[in-house]
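Asks: this is the structure alone, sequence omitted:
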């Protein structure tokens, strides 16, 4: 009897998730929420740069690039314009945001600190 592919995939994903949860629960090092969010401030530069780039660019820039690529005569350049502008903008704004909201680790935290609750 063959197991359908979607059921096998879900079973494997659940097994991996269960293993990860068990591993995290049994790990001896206890962290505070802040040390977890900032990885104990012990992330190598290359890994940090890749993680930040992936988080900042995400879907909006990728989808915009795809739409511009489809509609524009400058096909290849459209893939990079939105992403590069997003990185430049964050490079300029990040130090100012960090000075203003030093414990702002997520966009909702920064927004809540800067603009207050509604």
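Replies: Cool, got the structure. Remember, it's a predicted structure, so these values are computed and weren't measured experimentally.
Asks: so how far is stretch 96-113 off the chain centroid?
Replies: Its chain's C-alpha centre and that of stretch 96-113 lie 16 Å apart, by CA atoms, centre = their mean, to the nearest Å.
Asks: now do that stretch: distance from first to last residue.
Replies: Using CA to CA, to the nearest Å, the end-to-end distance of stretch 96-113 comes out at 14 Å.
Asks: ok, and for it, which residues are buried?
Replies: The neighbour-count criterion (16 or more other CB atoms under 10 Å) identifies 104, 110 as the buried residues of stretch 96-113. To be clear about C-beta, it is placed using only N, CA and C from the backbone, and glycine gets the same treatment.
Asks: so what's the backbone phi/psi at residue 105?
Replies: For residue 105, the backbone dihedrals (degrees, to the nearest 10) come out as phi -100, psi -20.
Asks: surely it meets residue 38?
Replies: Yes. Counting by CB atoms under 8 Å, residue 105 sits close enough to residue 38 to count as a contact (6.8 Å).
Asks: what pLDDT, on average, does the helix or strand where residue 9 lies get?
Replies: Secondary-structure element containing residue 9, defined by DSSP states H and E: helix 5-26. Average pLDDT, helix 5-26: 84.
Asks: one more: stretch 40-51?
Replies: Within the predicted structure, the mean pLDDT of stretch 40-51 is 79.
Asks: do you know the pLDDT at the spatially most central residue of the chain?
Replies: For the chain, the residue sitting closest to the mean C-alpha position, by CA atoms, centre = their mean, is residue 55 at 3.1 Å. At residue 55 the predicted local distance difference test score is 73.
Asks: can you classify it by secondary structure?
Replies: helix (DSSP: H, G, I helix; E, B strand; the rest coil).
Asks: let the chain start at 453 from now.
Replies: Sure thing, new numbering starts at 453, so read that last one as residue 507.
Asks: the chain: helices as residue ranges?
Replies: Under the criterion DSSP state H, helices of the chain are mapped to 457-478, 485-489, 497-523, 527-552, 559-567.
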